[in-house]
Structures are given as structure tokens and as C-alpha cells.
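S.K.: no sequence on this one, just coordinates:
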């Protein structure tokens, strides 16, 4: 289920990116915006996307840690520490 959700999200994001690029190209062709504005806007979107990806990864890691702790599952670190004793 998580995999399907990830693919759906990625597919939606790619579709959105293509549509935005297409619309920006049309605005460029009509002379309503210039190329540097387009590049700046796309770079801004990319940066926001990367920041959001990092935020989601951090949230996912936190959620996984909470589940591991709640279920009492030993982590690699726990096992390594136990083996040292």
C-alpha cells in the first residue's frame, strides 16, 4: 500500500511538473514572461520539492522509529551493543 501511495504521489508530481512547464512555455511564447522568470520559478519549485521530500523522509523515519520502539523490536544498534557485552 505504501509503495502504491508513493508511486501515485510521484506520478502526480511529475504530471504537475509537466503541466507547469507546458503552461510556462505558452506564457513565454506569448511574451508574458521571460526565460529567466521561468527558470527562476522552476528552480523555486524544485527547491520546495526537495525541502518537502526531506521533511517527509524525516517524518517517515520518526514514525518508523516510534513503531519499532512501540513493538519492542531490536534495532541494528541494539544488537551490536548486546554483542559487545
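M.R.: Sure thing, it's come through. These figures come from a predicted structure and were not determined experimentally.

S.K.: thinking residue 21 is in contact with residue 45, fair?
M.R.: No: with contact defined as C-beta atoms under 8 Å, residue 21 does not reach residue 45; the gap is 9.7 Å. Just so you know, the C-beta spots here come from the backbone N, C-alpha and C atoms, and that holds for glycine as well.

S.K.: have a look at this protein and report the helix or strand with the lowest mean pLDDT.
M.R.: Least confident element among the helices and strands of the chain, by mean pLDDT, DSSP states H and E: helix 2-29 (a mean of 87).

S.K.: in that one, what counts as buried?
M.R.: Judged by neighbour count (16 or more other C-beta atoms under 10 Å), helix 2-29 contains these buried residues: residue 24.

S.K.: which strands and helices lie in contact with it?
M.R.: Packed against helix 2-29 by the contact rule (3 or more C-beta pairs under 8 Å, 6 or more residues apart in numbering; DSSP states H and E) you find helix 35-71.
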